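J.: Just to be clear, the model below is a prediction. Sequence and coordinates:
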Amino acid sequence: MAKTNRKLGLYTSTSLVVGNMIGAGIFLMPATLATYGTVGIAGWLCAATGAILLAKIFSNLSKIMPLANGGPYAYSREGLGNFAGFIVAWGYWISVWCTNAAIAVSLVSALSTFFPVLATSSIAAIGTGLSAIWLLTYINTLGIITSGIVQLFTTILKIIPLLAVGIAGIFFINTHHFPAFNTSNTSTFTALTNTTALTFFAFLGMECATIPAANVANPTVTIPKATMLGTLLTTFIYILCSVVMMGIIPADTLSHSVTPLADAAVIIYGPYAAYFVSAGAAIAAFGALNGWILIQGQVPAAIATDKLFPAIFKQQNKKGVPATGIIIGSILVSVVMTMNYTKSLADQFKFLILLTTLTVLVPYLLSATAYVILELKQKKHPPAKTFKIMLHGLLAFTFSLWAVAGSGEEVVYWGFILLMAGIPFYAWIIIQQNKKL
């Protein structure tokens, strides 16, 4: 019983999913979508459908491999072999610390509402971002339960302003504020593809409950439930808030707003509500940073355990946490975040963040493939069940491929280069293993 108490339960596992998906992006996304028209809502629905398909894939995989640490890496390796597993882990690891750098920047941006100096002083901004990164790094080395409690607490706090605006905002909707279906000056299919790709990135993280599987209580039940509950709850919040903001704020105003959720809150509750929402955005970024720092240690630890990554990444402290891997990740996060505040490197920072989105989509593609292989390998199914499994995998794979296409040619090209850069590293590890034999 004592052992179970040291593991993540349903609430903390669900908060890891919700907390890692809901960052500061939802506080800004409606303004980006406003330039496309109400096709943006259709984009949310398409992205949500794809996210639910993939969440179900990860739920089913967690039942097949309930104790497999590493989530997408473990599933891809089991279904497709060591090299596929390594490519997934390599890309995912890079995307995590680049994403953490972007989250740290968004945290500083949210805090600038309360501390204007953060918007004008690079030194103050860098210092604040680094402080948040290393505070949460320290918290995550104290044990997975400590980081889980922080995650649960911050997830609740970030949901409150979103629901407060979303639910109350229903009564302030003016249907005349909704723009035309497609105002993007492109075809409807292109607009739908672009908005789906944009909004789907807000769902990245649905797989997070599967990654620390060995640290989850009753994983066969808890992980599938947390994955689906987290994805469904996030979907409801995203679509509710987007529809409400489109209905409250005229399209021209919304498309130029830098704080759309805060603007909607002011209309509903009055001028001081902007501070309430800005605090929610800061908490959202802080909570997402906490959850992803947890993940940045778990993924390399899982692959190092399988001897496909340097052994240093699996070293655990007295709390059973892969602290060395977390610290190495946070050093890289700190370097990438600092790039954003260096004029000569700012463009590279933004581009690096953009192209790493592809390295998250590739694990989804390979996990959908591995799901079909592992399900059919596990036991013989009747024809109807076999067809259902193959259709589910095909739909999830096709959606992920569509999202990759929506990322743009340049992102796909450089994302592929980034993934292939791991091949020499993989070859070196294999050579070192052979030397020891």
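T.: Yep, that arrived. Since we're looking at a predicted model, the values are computed, not measured. Numbering: from 1, shown residues only.
J.: Name all residues that make contact with Ala226.
T.: Applying Cβ atoms under 8 Å, 6 or more residues apart in numbering, we find Ala226 in contact with 10, 13-14, 16-17, 209. Where you see a C-beta, it was placed from the backbone N, CA and C, and this is true even at glycine.
J.: I'd like to know which of those are part of helices.
T.: Those of these mapping onto helices are 10, 13-14, 16-17, per DSSP state H.
J.: any idea which of these is closest to Leu308?
T.: Leu16 (24.3 Å; Cβ to Cβ).
J.: what's around the closest one, how many residues?
T.: 33 (other Cβ atoms under 10 Å).
J.: Equivalent analysis for the one 3 residues further on, please.
T.: For Gly19, the count of nearby residues is 33 (other Cβ under 10 Å).
J.: Look up the closest residue to it, ignoring the ones flanking it.
T.: Distances taken as Cβ to Cβ, 6 or more residues apart in numbering place Thr155 nearest to Gly19, at 4.1 Å, with adjacent residues excluded.
J.: what's the answer for Leu332, then?
T.: Trp97 is the one closest to Leu332 (Cβ to Cβ, 6+ apart), at 4.7 Å.
J.: just Gly320 next, same as before
T.: Gly143 (7.0 Å).
J.: and the gap between the one you found and Trp292?
T.: Per Cβ to Cβ, to the nearest Å, Gly143 is found 17 Å from Trp292.
J.: Mind pulling the model confidence for the nearest residue to Met337 once chain neighbours are set aside?
T.: The shortest distance from Met337 to any non-neighbouring residue, by Cβ to Cβ, 6+ apart, is to Ala101 (4.1 Å). Looking at Ala101, its pLDDT is 87.
J.: isn't Ala101 right next to Ser330, touching?
T.: No. The pair Ala101 / Ser330 is not scored as a contact, 10.2 Å apart, by Cβ atoms under 8 Å.
J.: The two: who's more crowded?
T.: A direct count of neighbours by other Cβ under 10 Å for Ala101 and Ser330 places Ala101 higher, at 26 against 23.
J.: follow-up on the earlier one: may I ask which helix or strand encompasses the residue nearest to Leu332?
T.: helix 82-111 (DSSP states H and E).
J.: how much distance is there from that helix to the middle of the chain?
T.: Chain-centre distance of helix 82-111: 9 Å, with Cα atoms, centre = their mean, to the nearest Å.
J.: Check which element follows that helix along the chain.
T.: Following helix 82-111 toward the C-terminus (DSSP H and E): helix 117-120.
J.: Gly143 and Trp292: which is more packed in?
T.: Using other Cβ under 10 Å, the more surrounded residue of Gly143 and Trp292 is Trp292, with 25 against 17.
J.: circling back to that earlier point, pLDDT score for the residue nearest to Gly19?
T.: 90.
J.: How far off centre is whichever helix or strand it is part of?
T.: Secondary-structure assignment from DSSP H and E places Thr155 in helix 144-169. The chain centroid and the centroid of helix 144-169 are separated by 16 Å under Cα atoms, centre = their mean.
J.: for it, packing partners?
T.: helix 10-21, helix 122-140, helix 219-248, helix 260-269, helix 273-305 (3 or more Cβ pairs under 8 Å, 6 or more residues apart in numbering; DSSP states H and E).
J.: Can you say which of these is nearest to Leu45?
T.: helix 219-248 (7.1 Å).
J.: how close does the nearest residue to Ala274 once chain neighbours are set aside get to Tyr341?
T.: Using Cβ to Cβ, 6+ apart and skipping residues adjacent in sequence, the residue nearest Ala274 is Ala262, 4.2 Å away. To Tyr341, Ala262 is 24 Å away according to Cβ to Cβ.
J.: what's near enough to touch Pro260?
T.: So Pro260 contacts 27-28, 30-31, 34, 245, 249, 254 (Cβ under 8 Å, 6+ apart).
J.: rerun at 10 Å
T.: For Pro260, the contacting residues are 26-34, 165, 241-242, 245-246, 248-249, 253-254, 277, by Cβ atoms under 10 Å, 6 or more residues apart in numbering.
J.: do Gly91 as well
T.: Counting by Cβ under 10 Å, 6+ apart, Gly91 has contacts 72-73, 356, 358-363, 366, 415, 418-419, 421-422.
J.: can you pull the pLDDT of it?
T.: 87.
J.: For it, give its distance to His256.
T.: Taking Cβ to Cβ, one finds Gly91 at 35 Å from His256.
J.: which non-adjacent residue is nearest Phe83?
T.: Nearest to Phe83 is Tyr426, by Cβ to Cβ, 6+ apart, at 6.8 Å.
J.: Run the angle between the helix or strand where Ser334 lies and helix 82-111 for me.
T.: Per DSSP H and E: Ser334 is located in helix 323-339. With axes from the mean of the first three to the mean of the last three Cα atoms, to 10 degrees as the basis, helix 323-339 and helix 82-111 are set at 50 degrees to each other.
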